[in-house]
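Asks: this one's structure only:
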């Protein structure tokens, strides 16, 4: 669901940009879907959830951008930490640091084991760290997929 939400928000951002580029930002400057160069999908979406956001307003078969609703939309996005705000990236820092520490530990143990004599105990540690690294990597992949990266 979050992946779809991310795609929807990206689509809304593109629509907002299009409305601003065309100047359809008030009831007096409202434009048709054709004038805006939009796909029929826009009108279908307006009949569903897109229309409920209040970002795009329909007046007599034409549409304009409601800047106050855009401001509220942006505030909600930022408070949830969606793409473009840095929130998701910041939440990934801990996972990335853990993966880096595990990888460094694996490399260090390989080097120590190579130069100091081959110890079975060090090989066990390498296997355990490699397993932990793989587990953390899988968690990171699921986290990224859930957040819509």
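Replies: Structure received. Note that the coordinates shown come from a computational prediction; the quantities given were computed from them, not determined experimentally. Numbering: from 1, shown residues only.
Asks: where along the protein do the strands fall?
Replies: Read by DSSP state E, the chain holds these strands, from start to end of the chain: 56-59, 62-65.
Asks: what's the most buried one of these?
Replies: The highest mean neighbour count among those, using mean count of other CB atoms under 10 Å, belongs to strand 62-65: a mean of 21. For every residue, glycine as well, the C-beta is placed using N, CA and C.
Asks: average pLDDT for that one?
Replies: Summarised as a single mean, pLDDT over strand 62-65 is 94.
Asks: ok, residues contacting it?
Replies: The list of residues contacting strand 62-65 from outside it, by CB atoms under 8 Å, 6 or more residues apart in numbering, reads 16, 19-20, 24-27, 29-33, 35-36, 42, 46, 55-57.
Asks: the helix ranked longest in the chain - what's its average pLDDT?
Replies: Using DSSP state H to assign secondary structure, the helix with the most residues in the chain is helix 87-116. Averaged across helix 87-116, pLDDT comes to 84.
Asks: packing partners of that helix?
Replies: Contact partners of helix 87-116 among helices and strands, from 3 or more CB pairs under 8 Å, 6 or more residues apart in numbering; DSSP states H and E: helix 120-147.
Asks: tell me how far the helix it packs on lies from the chain's centre.
Replies: When distances are taken as CA atoms, centre = their mean, to the nearest Å, helix 120-147 is centred 24 Å away from the chain's centroid.
Asks: with stretch 66-77 instead?
Replies: Between the mean C-alpha location of stretch 66-77 and the chain-wide mean there is a distance of 18 Å, by CA atoms, centre = their mean.
Asks: residues touching that stretch, excluding its own?
Replies: Contacts of stretch 66-77 with the rest of the structure, by CB under 8 Å, 6+ apart, involve 9, 12, 16, 25, 53-57, 84-85.
Asks: try it again at 7 Å.
Replies: Taking CB atoms under 7 Å, 6 or more residues apart in numbering as the criterion, the residues outside stretch 66-77 that touch it are 9, 16, 25, 53-55, 57, 85.
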